[in-house]
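J.: heads up, no residue letters with this:
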């Protein structure tokens, strides 16, 4: 196997960058201990889709929606377990947030509201809405305005400032926002979504034979990290998952046919 690069972009906030680099140091050491040559540093590419689909990808982290809709050639290794309440190990959910002084009590109260979506290809910020609205029979064009914010952090700020009324925020990103983003003090959690498998760790399809060793290395890396370093990223364990575990995301996207994409 030719080692080219690795990337862990999904929770790589400025405030967590040092912790992400330390996580990679632990993973890199464990990979080499499992006979896999690993780069000494992470790559932080501008074009995530090109990097995710690159045959040189040793280990990367992506989102569940691109995985099931676009990244058909990659191998799923698993996901980190963030030990989120109400979600199985290795799974996560979205928190539905509104402004702290917004007195709505249920998602159904939000018809004709303004919603922030971090990106059209986000499972936790976009696709989750189609499922949650569909299962409540809140069909059709539910929101009167959709603002594409560019990131979960920006969506938190947009809700707090009153530019929009609501947003769905990946629960891990919400935890980071509560620690690092002042605007988080201006929002409250209305409810949370049904859980889905967590952000998938992937490798290029050409590395399929190495998946068992990658899983062993990831488990060893997390176990080797000091508790303080794991806490910095909210990582408690590594959970092996297969592509079939993510079929749930594709099924929910397909089954929500009475709710059009928001963005």
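T.: Now that the structure is in, tell me what you want to look at. For clarity, every value in this text was computed on a predicted model and none was experimentally measured. Numbers count the residues shown, from 1 in each chain.

J.: for the residue of the chain most remote from its centre, which non-adjacent residue is closest in space?
T.: Counting by C-alpha atoms, centre = their mean, the extreme residue of the chain relative to its mean C-alpha position is residue 35, 28.8 Å from that point. Once flanking residues are discounted, residue 35 sits nearest to residue 213: 6.7 Å by C-beta to C-beta, 6 or more residues apart in numbering. All C-beta atoms are positioned from the backbone trio N, CA, C, and that covers glycine.

J.: report the contact partners of that neighbour.
T.: Listed by C-beta atoms under 8 Å, 6 or more residues apart in numbering, the contact set of residue 213 reads 31, 34, 35, 36.

J.: make TSV out of these and add pLDDT and distance to residue 63.
T.: Listed next are the contacts of residue 213 as TSV, based on pLDDT from 0 to 100; distance: C-beta to C-beta, whole Å:
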residue	pLDDT	distance to residue 63
31	95	23
34	92	26
35	91	30
36	92	25
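
J.: host element of the residue nearest to residue 35?
T.: When secondary structure is defined by DSSP states H and E, residue 213 falls within helix 211-224.

J.: what mean pLDDT does that helix have?
T.: Per-region confidence: helix 211-224 scores 96 on mean pLDDT.

J.: for the stretch 101-250 of the chain, give me the ranges with low pLDDT.
T.: Counting by pLDDT under 70, the stretch 101-250 of the chain shows no low-confidence range.

J.: show me where it has its strands.
T.: Under the criterion DSSP state E, counting those that start in this stretch, the stretch 101-250 of the chain contains strands at 114-117, 145-148, 166-170, 187-192, 196-197, 201-203, 237-240.

J.: what's the burial count for the spatially closest residue to residue 153 that is not a sequence neighbour?
T.: In space, not counting the residues next to it along the chain, residue 153 is nearest to residue 181; the distance is 5.7 Å by C-beta to C-beta, 6+ apart. Summarising burial for residue 181: neighbours were counted as other C-beta atoms under 10 Å, giving 21.

J.: let me know the distance separating residue 181 from residue 140.
T.: As judged by C-beta to C-beta, to the nearest Å, residue 181 and residue 140 stand 33 Å apart.
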